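>>> predicted model follows, preceded by the sequence.
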Amino acid sequence: MVVQRKPQNMMVHKMTMGFMLILSCLGFLAPVRQAHLQSATIADLSFQNMDFAMNLYKKISNYHDENIFFSPLSISTSFAALLMASDGDTYKEILKGLNLEKLEQADQPELIPTLFQRLHENITQDESLDQGMALFMRQQFEIENVLKDQLKTFFYADLKSVDFADTKGSISFINEFINNKTRGKVPEMISTLDAATYLMLIDTIFFQGSWQKPFNPNFTRNAPFYIDNYNIVQVPMMFLEDKFYSMKDIQLGAKVLKLPYQEGVSMLILLPNAGVDYTVVDDGITSQRFLSWIQKLQKTKLEVHMPKFKMEESYSLQNILPDMGMISIFSNSANLTKLTKKVGLKVSEVLHKAVIEVDEIGTTAAAATAIGITPYSLPRTFTVNRPFFFFIYHEATNCLLFMGRVIDPSKN
Ligand SMILES: *[C@@H]1O[C@H](CO)[C@@H](O)[C@H](O)[C@H]1NC(C)=O
Ligand SMILES: *[C@@H]1O[C@H](CO)[C@@H](O)[C@H](O)[C@H]1NC(C)=O
Ligand SMILES: *[C@@H]1O[C@H](CO)[C@@H](O)[C@H](O)[C@H]1NC(C)=O
Ligand SMILES: *[C@@H]1O[C@H](CO)[C@@H](O)[C@H](O)[C@H]1NC(C)=O
């Protein structure tokens, strides 16, 4: 987020948020528990976050009819930090928009940030997953000490002073920070910056995983991918035959496949049946359904055909979040009194950028796994040759890290 401030009479204030993330590859899992609100757990937070993710996904798909990729966790974590900075109606709107009302307890104001902190600690134990937050502040701009401590304690935020008047220098400093955090995958998050900027909040998520069962690149072939009845593209299609967890959602007209990474993270692929319009399936995606898929997965031998793909997507969420009830934070009635005593600040911009690369191995080398083929049983096939959805989640917590939709894998 960038908070910008112009002379009082002008009242043009700006705040931008950028979040980025990265990944490569694909994923196994454990059943999840539903919310017990007396003593909320990170599983409860994951569940609420997932609902937020599905709501946000639907809004994004109303605006974009192409490939979609974003990190719901990065967005909800950033807004959880903003929640700490806000008060009054702004606070209530964010709480509701993030779907966190159920976890709010009046006598425990730090319960929600504590849950985010625990979730962060749990999912970042493995080196393949990293989440970081930074707050870049204009020199001499005072943010409230309570908030400073909360951002450091609960969100592990780095607080840095920046001379925003030196726009070129600030841009390269911030981009370098993001580039470091995303291990070189997002070299240039921002290209412009208003010299009147007050604050910029950045949340980064980085995931780099290798498949438990890597695809053999020798078997990758160009094959058709059917975008719709009229558009067919040739894409590099990977191949792997092994035992996988999968299931059919007959009511939805789709099937599900889990591709596990080595790091306790999995990719779940949702493939609409041939002839079923993906926009119909789109509308049926809910967190309840997601949980029912992972509970009903069964191990079967499968021939998997899956395209390699790469996507880089950017969203200006200030156009979308007001549709989810987060209105005042972007308006002149923003109540950010816990951020600073100065009045007249609002969030002007929320940038989200997400990058993904899916290939045979992942970006780190993985030992080739022997493929056990029993000659007498013919495996079924799971051929991802038409628009599909995918979800990348942390198994121990069921935390949804990333989600997306691929309409055309040849576009990035
Ligand atoms: C912010 O919200 C608090 C709590 O409702 C209220 O006391 C305060 O007047 C509000 N401030 C602004 C600037 O709206
Ligand atoms: C980026 O990483 C390099 C090398 O580790 C370090 O010297 C530099 O200070 C970092 N830059 C920022 C902005 O964090
Ligand atoms: C791919 O083919 C090359 C050449 O035939 C062979 O040396 C290599 O081991 C194969 N790779 C795998 C993973 O099977
Ligand atoms: C992570 O969270 C899961 C689910 O709550 C729990 O079973 C596991 O013990 C946690 N791991 C650590 C190291 O906190």
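Great, that's in hand. Given the structure is predicted, the values throughout are model-derived calculations rather than measurements. Ligands and ions are numbered 1, 2, ... in the order given.

>>> the residue of the stretch 101-250 of the chain found nearest ligand 3 and residue 255, how far apart?
Closest residue of the stretch 101-250 of the chain to ligand 3, CB to the nearest ligand atom: residue 218 (3.7 Å). Just so you know, the C-beta spots here come from the backbone N, C-alpha and C atoms, and that holds for glycine as well. Separation of residue 218 from residue 255 (CB to CB, to the nearest Å) stands at 27 Å.

>>> out of those two, which sits in the busier spot?
residue 255 (19 against 8; other CB atoms under 10 Å).

>>> give the contact list for the closest residue to the more buried one other than its chain neighbours.
Spatial nearest neighbour of residue 255, chain neighbours left out: residue 248 (4.8 Å); criterion: CB to CB, 6 or more residues apart in numbering. Residue 248 makes contacts with 254, 255, 256, as judged by CB atoms under 8 Å, 6 or more residues apart in numbering.

>>> also residue 326?
Shown in contact with residue 326 (CB under 8 Å, 6+ apart): 79, 93, 94, 97.

>>> quick one: secondary structure of it?
Of the three states, residue 326 takes coil under DSSP: H, G, I helix; E, B strand; the rest coil.

>>> once you drop chain neighbours, what's closest to residue 52?
Residue 52's closest residue in space is residue 99 (CB to CB, 6+ apart), at 4.3 Å.

>>> so who does the one you found touch?
Contacts of residue 99 (CB under 8 Å, 6+ apart): 48, 49, 51, 52, 55.

>>> do I have it right that the second one meets residue 76?
So that's residue 49. Yes - look at residue 49 against residue 76 with CB atoms under 8 Å: they come within range, at 5.0 Å.

>>> joint contacts of those two?
With CB under 8 Å, 6+ apart, residue 49 and residue 76 have common neighbours residue 98.

>>> residue 343: neighbour count?
Residue 343 has 13 neighbouring residues, counting by other CB under 10 Å.

>>> residue 70 and residue 317, how far apart?
9 Å.

>>> now the common contact residues for those two.
residue 352.

>>> quick one: name the residues of the chain near ligand 2.
Neighbours of ligand 2 within the chain, by CB under 6 Å from any ligand atom: 173, 176, 177, 180.

>>> the helices in the stretch 51-200 of the chain, which residues?
Here the stretch 51-200 of the chain has its helices, by DSSP state H, counting those that start in this stretch, at 72-85, 88-97, 111-123, 145-155, 167-181.

>>> interface residues of the stretch 251-400 of the chain facing ligand 1?
Applying CB under 6 Å from any ligand atom, one finds that the stretch 251-400 of the chain approaches ligand 1 through 335, 337, 343.

>>> could you look up the SS state of the last one?
Three states are possible here, and by three-state DSSP the one that applies to residue 343 is coil.

>>> residue 257 and residue 290, how far apart?
Per CB to CB, residue 257 is found 14 Å from residue 290.

>>> number of nearby residues for the residue of the stretch 251-400 of the chain found nearest ligand 4?
Closest residue of the stretch 251-400 of the chain to ligand 4, CB to the nearest ligand atom: residue 396 (4.2 Å). Residues near residue 396, counting by other CB under 10 Å, number 16.

>>> ok, now residue 235?
Close neighbours of residue 235, defined as other CB under 10 Å, add up to 22.

>>> quick check: which element contains it?
Secondary structure from DSSP states H and E places residue 235 in strand 232-249.

>>> any chance of TSV for the contacts of residue 248, columns secondary structure?
Below are the contacts of residue 248 laid out as TSV (three-state DSSP):
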residue	secondary structure
254	strand
255	strand
256	strand
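
>>> phi first, then psi, for the nearest residue to residue 171 once chain neighbours are set aside.
Sequence neighbours aside, residue 193 is the residue nearest to residue 171 in space, at 5.3 Å (criterion: CB to CB, 6+ apart). Backbone torsions for residue 193, taken as degrees, to the nearest 10, come to phi -160, psi 130.

>>> isn't residue 193 up against residue 170?
Yes - in this structure, residue 193 is within contact of residue 170 by CB under 8 Å, at 5.7 Å.

>>> please enumerate the shared neighbours of these two.
Both residue 193 and residue 170 are in contact with residue 164, where contact means CB under 8 Å, 6+ apart.

>>> how much space between residue 135 and ligand 1?
21 Å (CB to the nearest ligand atom, to the nearest Å).

>>> how many neighbours does that residue have?
25.

>>> what does the one 3 residues further on give?
One way to gauge burial is a neighbour count; for residue 138, by other CB under 10 Å, it gives 22.
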